[in-house]
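Participant: Sequence and predicted model, in that order:
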Amino acid sequence: MPELPEVEVTRRSVAQAVEGARIRSVELGKPLRWPLGCAPQILVGQEVLGVRRRGKYLLFDLSQGMLLVHLGMSGSLRFAESLPPAGAHDHFTLVTTFGTLRLHDPRRFGAVVYAAGEQDPVAAKLLGGLGMEPLSDAFSLEAFRLGLKKSRLPIKQLLLAGRLVVGVGNIYASEVLYLAGVRPTTAASRIGPVRVEKLHAAIRSVLARAVEMGGSTLRDFSSADGSAGHFQAQANVYGRGGAPCYRCGASIQLIRQGQRSSYFCPGCQRP
């Protein structure tokens, strides 16, 4: 599933390419998770002013309104000067004066939704419950500390929920907790001040490094120019169940939490 690093990589790979382009036509494929929310013709003639990201949503600012794009579980965007005719898994195509942008999504859990702006009830519903942005100045250590203290959830599940901080997906949560020396099963409220600081710093460093490495490609993610991610090849614990820890030599453990795989080192990560 594309997480924050993959979405940010996608944003970077498409933002400059489409900024200033005018929309010539819109082609819809099979229905996605949510309807577009407007007649496609409303988009024709509009200018793409820029591309931002909020959590796992890409926000395409238009001369009138915006498009919120979510990649779902298996989606990816592709942008090129020209693309072949849409295939069975291509569900949204935006033809612009600069090239063609297309959403490819085999499982159709992604979405493209039009809203008049961020205050539009449609946009507010999708974006309103999102936590702090971990790669921005808004990611306050004090707010993070208070959020942990209020929660009895296991720390891994709190991070995945996205209500306190967005974008720490399954791969990245395992790596973050390893760097901070915290077991994924530890109750968030039990984490002391020193490890809270380590955890806060680890979230920033892991996600920033993942973005620089193009994200993670486990199955079918690629950036808008077709490049795969490489972060997963340098993971310390994720996907290494039974292998020795690079730091202490203990066997990496695999457990299930909320139907997700959690990897940790019993030697380096304390309860």
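Facilitator: Perfect, I can see it now.
Participant: With just CA atoms, put stretch 48-55 into CSV.
Facilitator: C-alpha atoms of stretch 48-55 as CSV (Å, rounded to 0.1, in the frame of the first residue of the first chain):
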residue,chain,number,x,y,z
VAL,A,48,-3.3,23.1,-12.7
LEU,A,49,-1.8,25.7,-10.3
GLY,A,50,0.2,23.2,-8.2
VAL,A,51,0.3,19.9,-6.4
ARG,A,52,0.5,19.5,-2.6
ARG,A,53,0.2,16.6,-0.3
ARG,A,54,-1.7,16.1,3.0
GLY,A,55,-1.2,12.7,4.6
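Participant: How many neighbouring residues does residue 2 have?
Facilitator: Neighbours of residue 2 under the rule other CB atoms under 10 Å: 26. From N, CA and C alone the C-beta is placed, and that goes for glycine too.
Participant: Name all residues that make contact with it.
Facilitator: Residue 2 makes contacts with 10, 56, 71, 72, 75, 76, 215, 221, as judged by CB atoms under 8 Å, 6 or more residues apart in numbering.
Participant: Just among the residues you listed, which is most surrounded?
Facilitator: residue 75 leads the contacts of residue 2 on contacts (other CB under 10 Å) with 29 neighbours.
Participant: if I read this right, that residue contacts residue 110, doesn't it?
Facilitator: Yes - contact criterion CB atoms under 8 Å: residue 75 and residue 110 qualify, at 3.6 Å.
Participant: anything in contact with each of the two?
Facilitator: In contact with both residue 75 and residue 110: residue 103, using CB under 8 Å, 6+ apart.
Participant: hang on, the earlier thing: just the contacts of residue 2 now: which is nearest residue 35?
Facilitator: residue 72 (14.6 Å; CB to CB).
Participant: Tell me the spacing between the closest one and residue 163.
Facilitator: 20 Å (CB to CB, to the nearest Å).
Participant: now swap in residue 35 and tell me
Facilitator: 26 Å.
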